[in-house]
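**Student:** give the three-dimensional model of this entry:
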Amino acid sequence: MRDIYEHYYRCIGSDRWRHLAGPRCGARPVRQDLLDEVVWTEVLRLLEEPALIQQELDRRLTALRAADSKRTRTQAVERDLARARFGERDEANQITTVRRPCPATSSILLSPVRATRRSRS
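**Tutor:** Reported below is the predicted structural model:
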């Protein structure tokens, strides 16, 4: 005789009362008896063929190493960009410093010009 109470697995993100903005997961509940059968069949298959586990571990390690090298390269590029931006900002500061002379210097440099203009007028 079949149990009249069916049990389900469901995502905790599907609870409306847990999240103010509504459920975060739209996955439907899955009957426990059906899922357990599939999962245990797969577990037994993996235990009978350990090479499958090793292949999966190798695949994940390769993916992790590739992601790590991409992350390292991304960090290097970001560092170079930051240096370039800092260099541009530093050059811009140097240019504005050169373009904006000191008031005392400008009065010394311009005093002969002003004197010449006064003598001509």
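**Student:** need the contact partners of stretch 39-48.
**Tutor:** Leu52, Ile53 (CB atoms under 8 Å, 6 or more residues apart in numbering). The way it works is simple: take the backbone N, C-alpha and C, and place the C-beta from them, glycine included.
**Student:** okay, that stretch in CSV with CA atoms only?
**Tutor:** Extracted in CSV, the C-alpha atoms of stretch 39-48 (Å, rounded to 0.1, in the frame of the first residue of the first chain):
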residue,chain,number,x,y,z
VAL,A,39,20.2,10.0,-7.1
TRP,A,40,21.0,6.6,-5.7
THR,A,41,21.2,5.0,-9.1
GLU,A,42,23.9,7.6,-10.0
VAL,A,43,25.7,7.2,-6.7
LEU,A,44,25.9,3.4,-7.3
ARG,A,45,27.2,3.9,-10.9
LEU,A,46,29.9,6.2,-9.7
LEU,A,47,31.0,3.8,-6.9
GLU,A,48,31.2,1.0,-9.5
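**Student:** state the mean pLDDT of it.
**Tutor:** Taken as a whole, stretch 39-48 has a mean pLDDT of 92.
**Student:** repeat for stretch 73-92
**Tutor:** On average, stretch 73-92 scores 74.
**Student:** mind listing what's buried in that stretch?
**Tutor:** Residues of stretch 73-92 include none that count as buried (16 or more other CB atoms under 10 Å).
**Student:** next one: stretch 13-29
**Tutor:** For stretch 13-29, by 16+ other CB under 10 Å, it's Ser14.
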